[in-house]
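Novice: any chance you can model this:
(one chain, ligands or ions: 2)
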Amino acid sequence: MTIHQLYERRPLSQSSARRDAAHFIDGAFTQGTTGKSWENFHPVDGSLIGRVPEGGRAEVDAAVTAAHAALRGDWGRMSVVERTDLLGAVADEINRRFDEFLEAECLDTGKPMSLASHIDIPRGAANFKMFTDVAKTVATECFPMTTPDGAGALNYALRRPRGVIAVISPWNLPLLLMTWKVGPALALGNAVVVKPSEETPLTATLLGEAMNKVGVPRGVYNVVHGLGPNSAGELLTQHPRVNGVTFTGETRTGEAIMRQAAHGIRPVSFELGGKNPALIFADADLDKAVEGTMRSAFSNCGQVCLGTERVYVERLIFDEFVARLKQGAESLRPGRPEDPSTGIGPLVSKEHQAKVLSYYARAIEEGATVITGGGVPKVPADLAGGSWIEPTIWTGAPDNAAIVNEEIFGPCCHIRPFDTEEEAIELANSTPYGLAAAVWTENLSRAHRVASRMDVGICWVNSWFLRDLRTAFGGAKQSGIGREGGVHSLEFYTELTNICVKL
Ligand SMILES: NC(=O)c1ccc[n+]([C@@H]2O[C@H](COP(=O)([O-])OP(=O)(O)OC[C@H]3O[C@@H](n4cnc5c(N)ncnc54)[C@H](O)[C@@H]3O)[C@@H](O)[C@H]2O)c1
Ligand SMILES: O=C/C=C/C=C(\O)C(=O)O
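Specialist: Numbering: from 1, shown residues only. Ligands and ions are numbered 1, 2, ... in the order given. As a prediction, this is how the structure comes out:
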């Protein structure tokens, strides 16, 4: 029976028993000591999923202490092969419990199962597998040198785990983005304390069961739920015994975390916001450019940091492209995650829905023309409690408009014509962000020429969201600090010592 058939009779939100989240500290689940918690709602219909405990100083201290104890214990004494065998088993356990992770992720986010079953959950396992390979195969460096006495000396580099890593993760791809950090951290010998987003606690909690099942020593993986400021997030990122902070989230939040982590000096690795452009030249394969921009603008209800919110189209094909993208946007049917015909899910929360709707209103004030969307879709009565939003396309806004310069993080994009390659490049690079870009052209020279001038961390040509996990991933300008992926993750998750031996 397919996962969809499982729910044909009853919606996911009514098929699942109430699910409370729990902290996972030193190998044990606990509701903690603060007595504070919040309600977790299903974004599809507003139904209650369960409660989430808010961790405080005691929980953060206990988790950091457990992580350090793990480093001094069996985990710290394990060989790379023993460690990576365990993490390979974690990946296998995620795959063994695939449907449970899928159900939990879709309950928390409301995203279609057809999306999460192809992206979110498989990447949860792949992120562990990828970095076990890196940890087992990465070489180190060695520099023989001459010395005045002629005998010479040998320099070689040794890498060791950085220590206890704080992982602060967002709500849009909860399992994928949390394991994108936990995978390399653990494969390279660290221990972690994860603070998932308050919107999406379930898969981080479930991963604790997988860790225990395969025998990862207690204290290696810890989860403390909480909010950001004045809560577990802030306490964790300023904790004196945390050795590094890796964060994925909004740029403004990154600024706050940087201040919090500064006291006592600890390195940060940031993957932040974006306002990503797509450049579509007249010689592009229009079918592919429309299909790719449909995904990059509307997938995951536009809640993808790498998504496209600015589309620049060569004037010759502007009207045709706008008409084609409008047609695509209007074909997306809102629905429940478990419904295979669902084309688009809801936003993650009522708060986020209000934020996106405020930009929809701002667009009108700024003089934009609404090509399609601009509000809340009509949905069946049983979905009325959800955080629904219409996929929206604008044209005609000024280049300094908020909808053209500020990250909205919803299923919306502004399309503007351009006349020359230089103009397109200047427009693409015109915001404080520099995360991703997409260039659509069949001209090989132009593809390489334009891509090389995108001031971003990743540029796709005639594609979007193709991800080779060995490549460097991260943002330029206000979209991030550092790169993670493949051997690039070594820089943040290990400390390097150069040893010079006189021969
Ligand atoms: N660059 C990337 O790879 C990437 C990937 C996904 C999402 N994002 C960005 O994330 C944002 C959406 O996710 P979000 O709304 O969860 O982001 P957010 O910044 O609101 O929150 C992210 C996480 O940070 C925590 N947090 C908030 N304030 C904190 C503080 N002062 N100290 C410690 N922790 C704190 C939150 O509790 C949450 O766990 C968008 O801006 C999107 O572009 C970037
Ligand atoms: O929403 C942002 C998506 C980020 C994706 C990754 O970090 C990845 O594919 O590794």
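
Novice: what ranges does the stretch 301-450 of the chain have for its strands?
Specialist: 308-314, 369-372, 392-395, 412-418, 433-434, 436-440 (DSSP state E, counting those that start in this stretch).

Novice: is ligand 2 contacted by the last one?
Specialist: Meaning strand 436-440. No - against ligand 2, strand 436-440 shows no contacts by Cβ under 6 Å from any ligand atom, the least distance being 8.8 Å. To be clear about C-beta, it is placed using only N, CA and C from the backbone, and glycine gets the same treatment.

Novice: show me what that strand is in contact with.
Specialist: 274, 276-281, 284-285, 288-289, 292-293, 296, 305-306, 308, 428, 447, 450-451, 454, 456-464, 475 (Cβ atoms under 8 Å, 6 or more residues apart in numbering).

Novice: out of those, which are buried?
Specialist: 274, 276-281, 284, 289, 292-293, 296, 305-306, 308, 428, 447, 450-451, 454, 456-462, 464, 475 (16 or more other Cβ atoms under 10 Å).

Novice: residue with max distance from the center of the protein?
Specialist: Residue farthest from the centre of the chain, counting by Cα atoms, centre = their mean, is Asp149 at 53.9 Å.

Novice: next one: phi and psi at Pro277?
Specialist: As for Pro277, its main-chain torsions (degrees, to the nearest 10) stand at phi -90, psi 150.

Novice: surely it is in contact with Leu427?
Specialist: Yes - at 7.0 Å, Pro277 counts as touching Leu427 under the criterion of Cβ atoms under 8 Å.

Novice: common neighbours of these two, please.
Specialist: Arg310, Tyr312.

Novice: and the residue nearest the centre of the chain, what does it touch?
Specialist: By Cα atoms, centre = their mean, the chain has its centre lying nearest to Leu177, at 3.9 Å. Leu177 makes contact with Ser169, Pro170, Thr248, Glu271, according to Cβ under 8 Å, 6+ apart.

Novice: just Phe29 next, same as before
Specialist: Listed by Cβ under 8 Å, 6+ apart, the contact set of Phe29 reads Ala22, His23, Thr205, Gly208.

Novice: what does the stretch 301-450 of the chain put close to ligand 2?
Specialist: Val304, Cys305, Leu306.

Novice: how near is the first one to Thr248?
Specialist: In this structure, Val304 and Thr248 are 12 Å apart, going by Cβ to Cβ, to the nearest Å.

Novice: between the two, which one's more packed in?
Specialist: It is Thr248, of Val304 and Thr248, that has more neighbours when counted by other Cβ atoms under 10 Å, with 26 against 23.

Novice: residues near the closest residue in space to that one that isn't next to it in sequence, how many?
Specialist: The shortest distance from Thr248 to any residue other than its chain neighbours is 4.3 Å, reached at Glu271 (Cβ to Cβ, 6 or more residues apart in numbering). Neighbour count of Glu271, defined by other Cβ under 10 Å: 28.

Novice: right, and Glu271 touches Thr251 too?
Specialist: No - under the criterion of Cβ under 8 Å, Glu271 makes no contact with Thr251, lying 10.2 Å away.

Novice: need the contact list for Val501.
Specialist: So Val501 contacts Ala153, Leu154, Asn155, Tyr156 (Cβ under 8 Å, 6+ apart).

Novice: for ligand 2, what's its nearest residue on the protein.
Specialist: Cys305 (3.4 Å; Cβ to the nearest ligand atom).

Novice: rewinding a little: let's see which of the contacts of Val501 end up in strands.
Specialist: The strands, defined by DSSP state E, take in Ala153, Leu154, Asn155, Tyr156 from the contacts of Val501.

Novice: nearest to ligand 1, of the residues you listed?
Specialist: Tyr156 (33.9 Å).

Novice: verify the contact between that closest one and Pro144 for me.
Specialist: No - Tyr156 is not in contact with Pro144 according to Cβ under 8 Å; the separation is 9.4 Å.

Novice: neighbour count: these two, which is higher?
Specialist: Taking other Cβ under 10 Å, Tyr156 and Pro144 do not tie; Tyr156 has more neighbours (14 against 10).
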